[in-house]
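Undergrad: structure here, sequence nowhere to be found:
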């Protein structure tokens, strides 16, 4: 079983890295756990945990809480200063997984929320694509995490980066397909995404049902007539016309032109990629559609986002009041407390906060949304859908 970090024991289990673990030392795949990463450090015998050479550890949730409490204690503890520093840094990007029992209970509740909502929408981030093989940004091995550690500790202590996957080889995950199925069943009205990997559109979500806030690596736009073209290749690949001159963007200083020409023979403008880089403004039309749908929403299903990028993150609380927000992500977000708020009149919790993998949650939600025969057929047909995806890449 793949794991974000740590040492695997028997199939489907992990070794808890707290030396004094009182739970048997083994973490079952269904148990609550924390995957954490500090920085590359040479461990000493007085360390309370067994950290690997990359500063990574896997713990029962309660064992990690024990370490965290010691690191924040104002009293003298058995935690040495060197390991205290390691724990405090690991807290910043720690990834949490609820027990499967908790996930099952939350999935049942979320499914009921979706059924009862009049205008539920989804908001997605990089975390829904990690199971497809694409890296995230703020995970324990994420792009920004690695950059921060290199800046603070130097290249030798920044840790190992996961190899990059060619976006041409990526295919929609269970979560991508589940969102499309919910749209087709009439249970989901719209998707707002921060992702640029093109997997939502590849899964079959119609253009009028999604706002890709940060662009799509497989969609190009004519800078003259604004026509959008869906490509079967990433904007970095494909045939290029040597007659197309490069042009640096005045905002991000990057050349957006792809080297291709508008297929409209009456236009013949230059095609640009639709990727939003740092410094670029979001496209007004895309953001406007996202904002319109966010304001209509009476429930927001947020999947795989740490909700730390603006103005995208503000959309999850723009809907009907009181806000009914669901978040599934391995890491904490600035909006977690909103999920825990209660209805003033009924005292019932309005939202739901799930720590774990989006695919695990969505599998359980779909079991609540579909009858068993329909679900079995839909899941069995995934292999057929994969062939369709392959034909489009």
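TA: Structure received. Note that this is a predicted model, so its numbers are computed, not measured.

Undergrad: in its sheet, which strands sit next to whichever strand or helix holds residue 123, and in what direction?
TA: Using DSSP states H and E, the element containing residue 123 is strand 120-124. Its sheet considered, strand 120-124 pairs with strand 190-193 (parallel), strand 299-303 (parallel) by DSSP bridges.

Undergrad: for it, give me every contacting residue.
TA: Contact with strand 120-124 is made by 113-114, 175, 179, 182, 187-195, 200, 293-294, 296-305, 315-316, 319, as judged by Cβ atoms under 8 Å, 6 or more residues apart in numbering. For glycine as for every other residue, the C-beta is placed from the backbone atoms N, C-alpha and C.

Undergrad: what's the offset of stretch 318-327 from the middle of its chain?
TA: Distance of stretch 318-327 from its chain centroid, counting by Cα atoms, centre = their mean, to the nearest Å, is 19 Å.

Undergrad: whoops, stretch 20-34 was the one
TA: Taking Cα atoms, centre = their mean, one finds stretch 20-34 lying 25 Å from the centre of the chain it belongs to.

Undergrad: contacts for it?
TA: 1, 9-10, 12-16, 48, 58-64, 94-102.

Undergrad: what about burial for those residues, which qualify?
TA: 13-16, 48, 58-64, 94-98, 100 (16 or more other Cβ atoms under 10 Å).

Undergrad: circling back to that earlier point, switch the strands paired with strand 120-124 over to JSON lines; also include distance to residue 372.
TA: As requested, those are exported to JSON lines (distance: least, Cβ to Cβ, whole Å):
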{"stretch": "strand 190-193", "distance to residue 372": "26"}
{"stretch": "strand 299-303", "distance to residue 372": "23"}
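
Undergrad: nearest to residue 360, of those?
TA: Distance to residue 360, taken as Cβ to Cβ, is lowest for strand 299-303 among the strands paired with strand 120-124, at 11.4 Å.

Undergrad: what's the following helix or strand past that closest one packed up against?
TA: Next helix or strand after strand 299-303 toward the C-terminus (DSSP H and E): strand 325-328. If you count contacts as 3 or more Cβ pairs under 8 Å, 6 or more residues apart in numbering; DSSP states H and E, strand 325-328 packs onto strand 299-303, helix 336-339, strand 352-354.

Undergrad: quick one: closest of the ones you listed to residue 386.
TA: Residue 386 sits nearest to strand 299-303 of all those, at 21.1 Å, using Cβ to Cβ.

Undergrad: residues contacting that closest one, please?
TA: By Cβ under 8 Å, 6+ apart, strand 299-303 touches 110, 113-114, 117, 119-125, 127-128, 175, 188, 294, 316-317, 319, 323-329, 335, 358, 361-362.

Undergrad: buried residues of that strand, list them for me.
TA: Those would be 299, 300, 301, 302, 303, for strand 299-303 by 16+ other Cβ under 10 Å.

Undergrad: now distance to residue 311 and pLDDT too, for those residues, in TSV please.
TA: Output for the buried residues of strand 299-303, formatted as TSV (distance: Cβ to Cβ, whole Å; pLDDT from 0 to 100):
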residue	distance to residue 311	pLDDT
299	21	98
300	15	98
301	20	98
302	15	98
303	19	98
